[in-house]
Every structure is written in structure tokens, then in C-alpha cells.
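Q: coords please:
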Amino acid sequence: MTEKQLQSYLMKVAQRAGYLCHKVESRTSRGFPDLILISPNRVDFIELKSPNTGGRLSVHQVNTLQKLRDQDANVHVINSTAQVDALFTRIDMLDPY
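A: Numbering: from 1, shown residues only. Now for the predicted structure:
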């Protein structure tokens, strides 16, 4: 599975669950997460990595994700459909609507 296929899977799961999910392409902030997931009372930042290549975080990504975590943001690095499913299970348990 490619990173693009993983992104498509996550976005379909988000839509079925009734959440907003937006692809982010920041031209001013290197390392910003790929997706923003918005559910009731919650915002999650998601960085996707290819399951095939075992993608590694760049230095910019590590720094940006840490800055988000320092602000108590919900940050996830995901590289499999199983992790996508676990994320939505966790969100549903924390924030049912």
C-alpha cells in the first residue's frame, strides 16, 4: 500500500464516521502534518508514512510535530490501515456523539 492509498483509506473512514478530514499542503511551514481530522470537540494532526517503504520522519517533521505536541495537540504518525482503524476507535471512545 502506498502513502496515497493510505490517505484515501483514512479519508474514507473519516467521511463514513462523519468527521471532517482535510489534506494540508503547507508552502510556508516545512514538516507540517499531511492531514487535519476534525471531530466533535477534537482536532487531530496526522502525518502519514508509506507502509511499503517504512517512511521516516524528516528533521522538519520531527520538529513541527514536537511543537504541536508542546501545545497539547493530538498528533499521530500513521503507517497502516490498522493504525487508522485504531485511531478512529480511540476517538469514538473519547468523544462519542
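Q: neighbouring strands - and their directions - for the top strand by length along the chain?
A: When the chain is parsed with DSSP state E, its longest strand is strand 42-48. Partners of strand 42-48 in the sheet, by DSSP bridges, are strand 35-39 (antiparallel), strand 74-78 (parallel).
Q: then that strand to CSV, C-alphas only?
A: Output of strand 42-48 as CSV, limited to C-alpha atoms (Å, rounded to 0.1, in the frame of the first residue of the first chain):
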residue,chain,number,x,y,z
ARG,A,42,-11.4,17.5,18.9
VAL,A,43,-8.8,18.2,16.3
ASP,A,44,-6.1,15.7,15.3
PHE,A,45,-3.0,16.3,13.2
ILE,A,46,-1.9,13.3,11.2
GLU,A,47,1.3,12.5,9.4
LEU,A,48,1.2,9.6,7.0
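Q: now for the next helix or strand along the chain from it, which elements pack on it?
A: Per DSSP states H and E, the first helix or strand lying C-terminal to strand 42-48 is helix 59-70. Packing partners of helix 59-70 (3 or more C-beta pairs under 8 Å, 6 or more residues apart in numbering; DSSP states H and E): strand 42-48, strand 74-78. C-betas here are computed from N, CA, C, even on glycine.
Q: output those strands as JSON lines; include the columns distance to residue 28, mean pLDDT and mean neighbour count.
A: Putting those into JSON lines (distance: least, C-beta to C-beta, whole Å; pLDDT from 0 to 100; neighbours: other C-beta atoms under 10 Å) gives the following:
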{"stretch": "strand 42-48", "distance to residue 28": "16", "mean pLDDT": "95", "mean neighbour count": "19"}
{"stretch": "strand 74-78", "distance to residue 28": "19", "mean pLDDT": "96", "mean neighbour count": "18"}
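Q: dump these into CSV; add distance to residue 86 as well.
A: Putting the helices and strands packed on helix 59-70 into CSV (distance: least, C-beta to C-beta, whole Å) gives the following:
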stretch, distance to residue 86
strand 42-48, 13
strand 74-78, 9
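Q: nothing else from me, thank you.
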